[in-house]
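Q: coordinates only, sequence not included:
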């Protein structure tokens, strides 16, 4: 199911009662798909969707989908995720798949998310009492509410920071019961939270006079960019480079859907930059390619590996002893990731694009990173939080998204999602508050958005 996975990867930032808009769009999608009128499907996409999945790629995807699964025979509305996304149980000739369709205000398809169909999971029984934990009743109720629909063997690890003080809570679903566990030292993939670390490395080089944010990266690489394209460090770190979410030659190098980045190395990146590079309008477009390219460029400038840079600039200074890009060094602490069906899945090896999402860490280590953000004398951390651009309804610094205010204070956040994990980090430096959540819930789990929602709901329980 290679072609299916590519679209999931490209569009994993989809916006999360079946709306009339979605019902109409799904009906059109089925009609055009069965008639092989793929250009008409492309015409239904939003501008951002078209940029992420150009016409040629969209046609290839639809052709591959039909070759593997046949025509769509029946569509049944299944569930909603948030206000804009509807889930459909979709029966093809050869399979049953789940199609998640999101729409925007212009009544276009803004997200198309296709995975094998799974039935709903029954809520777990809670055996945890607040008085047996360090949590308030409201905090525990909030955690249980958002965690009861994950599959068995799910673990959720949480750090709550109030006035610079940290407390931890861990949860496991086992045999359909939720139980409290101590997992604050255990390691999970943090996914795209890695991008904040990559931007922190950039900030360190800027403050040391090695680069300027407005420098273009071509002068630091022995790669001739197609059409002499110019991309600055600031544009990469703020997702305003015009680069797509993923390079156009990425899917051709996937040999294992469960570890899709593994075989995308420097040779493939060079080929893309020299022969296929094409920029969209330089407005906000979330780009794994951009963050990965930034990490690679910083490594070339420093003549050190991405891991060496992290160790030298962040992990060792802040005593993040269980943080790494090498899963083999933390194997004894690693919580296995689960796929959308709750089965153990592979860890991701991000190769040359490590700067986009390769870090594994624990909530204890990430709490140390959060506390460093609260130190106003830390110039590198402060620089990453300085607003550089707009990002849809949010603003963006270097890596950090700057979200809606809570009690008049700016919220800095980033989440992460991989095949076996979902994570979230939300901080308010002014009040020294924060929520960090790591889990082995798959990005493809239909309830994965609960991890992100939980982080914000827990922020509201802090003083």
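A: That came through fine. Because the structure is a prediction, the values reported are computed rather than measured. Residues are numbered from 1 along each chain as shown.

Q: Now residue 57: closest residue in space that isn't a chain neighbour?
A: Counting by CB to CB, 6 or more residues apart in numbering, residue 248 is the residue found nearest to residue 57 once chain neighbours are left out, at 7.3 Å. Placement of C-beta: from N, CA and C, glycine included.

Q: right, and that neighbour touches residue 280 too?
A: No: counting by CB atoms under 8 Å, residue 248 sits too far from residue 280 to count as a contact (12.0 Å).

Q: Tell me the secondary structure at the residue nearest to residue 57.
A: Here residue 248 is recorded as coil under DSSP: H, G, I helix; E, B strand; the rest coil.

Q: how far away is it from residue 269?
A: Separation of residue 248 from residue 269 (CB to CB, to the nearest Å): 12 Å.

Q: next one: residue 255
A: As judged by CB to CB, residue 255 and residue 269 stand 17 Å apart.

Q: Neighbour count for those two, which is higher?
A: Remark: of residue 255 and residue 269, residue 269 carries more neighbours, 21 against 9, as counted by other CB atoms under 10 Å.

Q: Now do the contacts for that one.
A: Counting by CB atoms under 8 Å, 6 or more residues apart in numbering, residue 269 touches 247, 292, 293, 296, 352, 353.

Q: Looking at these, spot the one nearest residue 150.
A: residue 353 (28.0 Å; CB to CB).

Q: which stretch of helix or strand covers the nearest residue to that closest one once chain neighbours are set aside?
A: Ranked by CB to CB, 6+ apart and with sequence neighbours excluded, the top spatial neighbour of residue 353 is residue 292, at 2.9 Å. Assigned by DSSP states H and E, residue 292 belongs to helix 288-302.

Q: Which elements pack onto the helix or strand just after that helix?
A: Next in sequence after helix 288-302, counting helices and strands by DSSP H and E, comes helix 306-310. Helix 306-310 sits against helix 194-207, helix 288-302, with contacts defined as 3 or more CB pairs under 8 Å, 6 or more residues apart in numbering; DSSP states H and E.

Q: Can you say which of these is nearest to residue 56?
A: Going by CB to CB, the one of the helices and strands packed on helix 306-310 nearest residue 56 is helix 288-302, 17.3 Å.

Q: List of residues touching the helix holding residue 292?
A: 192, 194-195, 198-199, 201-202, 205, 210-211, 217, 220-221, 231, 233, 235-237, 239, 241, 243-247, 266, 269, 273, 305-306, 308-309, 350, 352-357.

Q: Helices along the stretch 201-350 of the chain, start to end?
A: 233-237, 266-271, 288-302, 306-310 (DSSP state H, counting those that start in this stretch).

Q: got the residue ranges for the strands in the stretch 351-463 of the chain?
A: 360-361, 389-391, 394-396, 401-406, 409-417, 422-428, 433-439 (DSSP state E, counting those that start in this stretch).

Q: just the ones you listed: most buried one?
A: Compared across the strands of the stretch 351-463 of the chain, strand 433-439 shows the largest average neighbour count, a mean of 28 (mean count of other CB atoms under 10 Å).

Q: Give the partner strands of that strand in its sheet and their orientations.
A: Looking at strand 433-439 with DSSP bridges, its partner strands are strand 155-162 (antiparallel), strand 422-428 (antiparallel).

Q: Could you measure from the residue nearest to residue 57 over to residue 408?
A: According to CB to CB, residue 248 stands 44 Å off from residue 408.

Q: Just want to know which of those two has more residues nearby.
A: Neighbour totals were compared for residue 248 and residue 408, and residue 248 leads with 16 against 7 (other CB under 10 Å).

Q: And the pLDDT at that one?
A: We have a pLDDT of 89 for residue 248.

Q: same question, residue 145
A: pLDDT at residue 145 comes out at 96.

Q: where does the stretch 351-463 of the chain have low pLDDT?
A: In the predicted model of the stretch 351-463 of the chain, no residue satisfies pLDDT under 70.

Q: Could you find the closest non-adjacent residue to residue 347?
A: Setting aside the residues directly before and after it, residue 347 is nearest to residue 327 in space (CB to CB, 6+ apart), at 5.1 Å.

Q: pretty sure the one you found contacts residue 346?
A: No: applying CB under 8 Å, one finds residue 327 not in contact with residue 346, separated by 10.0 Å.

Q: hang on, the earlier thing: whichever of the contacts of helix 288-302 end up buried, select them in ChimeraX.
A: A single ChimeraX command suffices to select whichever of these are buried according to 16 or more other CB atoms under 10 Å:
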select :192,194,195,198,199,201,202,205,211,217,221,231,233,235,236,237,239,241,243,244,245,246,247,269,273,306,309,350,352,353,354,355,356,357
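
Q: How about residue 29, nearest residue that isn't a chain neighbour?
A: Spatial nearest neighbour of residue 29, excluding adjacent residues (CB to CB, 6+ apart): residue 41 at 6.1 Å.

Q: need the contact list for the one you found.
A: Here residue 41 is in contact with 28, 29, 32, 33, 58, 62 (CB under 8 Å, 6+ apart).

Q: Quickly name whichever of those is closest to residue 174.
A: residue 29 (39.4 Å).

Q: Tell me how far the closest one lies from residue 340.
A: Counting by CB to CB, the gap from residue 29 to residue 340 is 21 Å.

Q: Disregarding residues adjacent in the polypeptide, which is nearest to residue 463?
A: residue 162 (6.0 Å).

Q: The one you found: neighbouring residues, count only.
A: 14.

Q: picking up where we left off before, mind putting the contacts of residue 41 into a markdown table with pLDDT and secondary structure?
A: Shown next, in a markdown table, are the contacts of residue 41 (pLDDT from 0 to 100; DSSP: H, G, I helix; E, B strand; the rest coil):
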| residue | pLDDT | secondary structure |
| --- | --- | --- |
| 28 | 97 | helix |
| 29 | 97 | helix |
| 32 | 97 | helix |
| 33 | 97 | helix |
| 58 | 91 | helix |
| 62 | 95 | helix |
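
Q: ok, the residue nearest to residue 347 - contacts?
A: Applying CB under 8 Å, 6+ apart, the residues near residue 327 are 334, 347, 360.

Q: now swap in residue 124 and tell me
A: 147, 148, 149, 150, 173, 176, 177, 178.

Q: Same check on residue 79?
A: Each residue near residue 79 by CB under 8 Å, 6+ apart is listed here: 86, 87, 120, 446.
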